[in-house]
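A.B. asks: pasted the sequence and its predicted model underneath.
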Amino acid sequence: MVIVWICGDFCILNQKTASFNMKYILLIVAICILSCAPKVEKDFKSVPTQFDTLENIIKAITPSKKYIYWECIFKEYLDKPSRTIINYGDSSRIKHLKYYVPLEGFITKNWIGYYYIAYYDNNILKYVYDTKSLQEFIGRANNLAEALLIAETQHLSVDLKRKVGSSYRQTKDSFELHLSKFHLCPMQTEAFKVSVDTLGNLIARSLNYFYNVNENICAD
């Protein structure tokens, strides 16, 4: 008898199977591994493929307040030129104002740069540079893109290759999401169940399921 321990359970293969052909053993082991994956509820939909990148998510947000002008900028480190992700409205209204570049953003890409938002409100220029100011800018999180962007501030991202990393449903006052978090050390991906309510409050629960695991790589 051959006993394989997977995901806290025993997969038991008899000796006859083991001696018959190794490829069948590997197939059974693969089935056991797949059975360990968390189940996504039937009423969850797939996240649209257009939200495959952070920048596409940013381009799809619609703040509750109609600002005269706003823009999202990616500020690179090492004095490289900044890059405009999206701008909306009448930019001439801010030309006479002093423009201050925040020293940090609401989402940071390690060793590369960070994202911030500048917007014209009540005759002054305001900035989005952390989670709190992002929630104030968005207002009520009424669409999927806004829920995904708030999740991205906590490093919870869409993984379109797996349903457990790219599913959602909308309830009366929140979005429920299946998303993923990528870890650098060791290199692996963790599945999460996430809730983002219309006020921007986020609750995340790990499903204790890891995939694309490489214990031999630590990139942190």
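C.D. replies: Nice, I can see it.
A.B. asks: give me the element Lys181 is part of.
C.D. replies: strand 174-184 (DSSP states H and E).
A.B. asks: what helices or strands is that strand leaning on?
C.D. replies: The contact analysis (3 or more C-beta pairs under 8 Å, 6 or more residues apart in numbering; DSSP states H and E) places strand 174-184 against helix 144-152, strand 167-170, strand 187-197. All C-beta atoms are positioned from the backbone trio N, CA, C, and that covers glycine.
A.B. asks: what's next to it, contact-wise?
C.D. replies: Applying C-beta atoms under 8 Å, 6 or more residues apart in numbering, the external contacts of strand 174-184 come out as 38, 40, 44, 47, 141, 144, 147-148, 151, 155-159, 162-170, 188-198, 218-220.
A.B. asks: quick one, which of the helices and strands packed on strand 174-184 is nearest to Phe51?
C.D. replies: The closest of the helices and strands packed on strand 174-184 to Phe51 is helix 144-152. By C-beta to C-beta, the value is 6.0 Å.
A.B. asks: and the closest one with strand 174-184, angle?
C.D. replies: In terms of direction (axes from the mean of the first three to the mean of the last three C-alpha atoms, to 10 degrees), helix 144-152 departs from strand 174-184 by 40 degrees.
A.B. asks: buried stuff in helix 144-152?
C.D. replies: Residues of helix 144-152 classed as buried: 144-152 (neighbour count, 16 or more other C-beta atoms under 10 Å).
A.B. asks: can you show me the CA trace of it as CSV?
C.D. replies: This file holds the C-alpha atoms of helix 144-152, laid out as CSV (Å, rounded to 0.1, in the frame of the first residue of the first chain):
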residue,chain,number,x,y,z
LEU,A,144,-16.5,46.5,-9.2
ALA,A,145,-13.5,48.5,-10.4
GLU,A,146,-13.6,50.6,-7.2
ALA,A,147,-13.9,47.5,-5.0
LEU,A,148,-10.9,46.0,-6.8
LEU,A,149,-8.8,49.1,-6.4
ILE,A,150,-9.4,49.3,-2.7
ALA,A,151,-8.4,45.6,-2.5
GLU,A,152,-5.2,46.4,-4.5
